[in-house]
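Q: return atomic coordinates for the entry below.
(one chain, ligands or ions: 2)
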Amino acid sequence: MDKMEFESILLPGVDDKRPIVIAGPCSAETEEQVMTTAKQLADRGIKIFRAGIWKPRTRPGAFEGVGSEGLRWLQRVKKETGMYTATEVATAKHVAEAIKYGVDILWIGARTTVNPFAIQEIADALEGCDKPILIKNPVNPDIELWIGAIERLYKAGVRKLGVIHRGFSSSDKKIYRNSPQWHIPIELRRRFPNLPMFCDPSHIGGKRELVAPISQQSMDLNFDGLIIESHCDPDCAWSDKDQQVTPDILDYILNLLVIREGETQTTESLGELRKQIDELDDQLVELLSKRMRVSREIGTFKKEHNMQVLQASRYSQILEGRIQQAEKFGIDGDCMQKILEAIHEESVRQQIEILNQN
Ligand code: PEP
Ligand code: MN
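A: Numbers count the residues shown, from 1 in each chain. Ligands and ions are numbered 1, 2, ... in the order given. This next block holds a predicted model:
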């Protein structure tokens, strides 16, 4: 696709100062819960109110959202607090309803972004729509699928586009509900520097205590905004209660954020340090290519002696030794393991190539 040119998603009266904040409950539950939460948020300076009206739930029978009735409550929020409103859409019918009731910003959920048919249906329904649309990452860590969704909407003429990083589904839920895998949004930013990027610390963390540190991390990675779940009485929330914070706590979290300067303020010493990083990266690539050369020689040896490429005990020896060594230098063991696995995979690929040469 040709280069995409995006238009600003900022609505009148919303400051472009980082972070742009969208806050509100996971789900609209009752008119009273929506109005109470909205008023508390508006009093604390929040300008954009979120609430899920149609909820994609993992298992049937869980609370699946109040449906179109809740859209009238969002209209009330807009009228009585002056905040803009945002909700999730997953079908053409949701789009039509949300537009009919004047919702200002629509977002597409992670479980929808995975499905190109669903995205195309939404894109068709949005044809000519001038509202800002935010696209959450797909649940699986596939950047192309995320970009595909952006492209489908862009082709339908939507120009006010942004993305939301909400983490990726993983079997390891020790720390995060959805693992952040920051390298994926970072790569997206590299490819589309002008695409506004929000972080959703609520769905990444899955716990209240993680909202602040994940928000800070996203600010340090130069995200433009945050979408945070906030409920007037989180313990009684009908969905995602463990990760919702009261408007008071939200205010506290936002005030504690340290917003550091972006790219434009590059100082001389930073330039100097970056030069060092570039040189070190050059050396790394050179070293890796030397390692691959040796590995190919081993491949030739294995071929001549009719040995199989993968020697499991040797591989575990390399892994264990290097991980321990890395940890001594303050490098995270899991990170070292990933690097070694990637290097090993490439070595094996190159040796197999040799094996298949005549
Ligand atoms: C939500 O924002 O409440 C939601 C359902 O999020 P996700 O699509 O990230 O699961
Ligand atoms: Mn939620």
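
Q: ok, now which ones touch the closest residue to ligand 2 within the stretch 151-300 of the chain?
A: Nearest to ligand 2, among the residues of the stretch 151-300 of the chain, is Asp240, at 3.8 Å (C-beta to the ion). (Each C-beta comes from the backbone N, C-alpha and C, glycine too.) Residues in contact with Asp240 (C-beta atoms under 8 Å, 6 or more residues apart in numbering) are Cys26, Ser27, Ser202, His203, Glu229.

Q: adding distance to ligand 2, pLDDT and secondary structure, write these out as TSV.
A: Listed next are the contacts of Asp240 as TSV, based on distance: C-beta to the ion, whole Å; pLDDT from 0 to 100; DSSP: H, G, I helix; E, B strand; the rest coil:
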residue	distance to ligand 2	pLDDT	secondary structure
Cys26	3	98	coil
Ser27	7	98	strand
Ser202	7	98	helix
His203	6	98	helix
Glu229	6	98	strand
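
Q: what domains does the record give for the chain?
A: Domain assignment of the chain by automatic domain parsing yields the ranges 20-264, 268-355.

Q: what about Lys17, how many neighbours?
A: Neighbour count of Lys17, defined by other C-beta atoms under 10 Å: 8.

Q: that one belongs to a helix?
A: No. According to DSSP: H, G, I helix; E, B strand; the rest coil, Lys17 belongs to no helix; its state is coil.

Q: tell me the pLDDT of it.
A: In this model, Lys17 is scored at 93, pLDDT.

Q: go on, Leu11?
A: 96.

Q: and Ala98, backbone torsions?
A: Here is the backbone geometry of Ala98 (degrees, to the nearest 10): phi -60, psi -40.

Q: for it, the count of nearby residues, please.
A: By other C-beta under 10 Å, neighbour count at Ala98 equals 25.

Q: can you check Leu153 too?
A: Leu153 has 23 nearby residues by other C-beta under 10 Å.

Q: where's it relative to Arg57, distance?
A: In this view, Leu153 and Arg57 are 25 Å apart by C-beta to C-beta, to the nearest Å.

Q: near ligand 1, which residues of this protein show up?
A: Cys26, Gly52, Pro56, Glu88, Gly109, Ala110, Arg111, Lys136, Arg166, His203 (C-beta under 6 Å from any ligand atom).

Q: drop anything exposed from these.
A: By neighbour count, with 16 or more other C-beta atoms under 10 Å, these hold Cys26, Gly52, Glu88, Gly109, Ala110, Arg111, Lys136, Arg166, His203 as buried.

Q: for ligand 1, give me its nearest residue in the stretch 151-300 of the chain.
A: Arg166 (3.8 Å; C-beta to the nearest ligand atom).

Q: show me where the stretch 51-200 of the chain has helices.
A: For the stretch 51-200 of the chain, the helices defined by DSSP state H, counting those that start in this stretch cover 69-81, 92-100, 110-113, 116-126, 143-155, 183-191.

Q: perfect, I'm done here.
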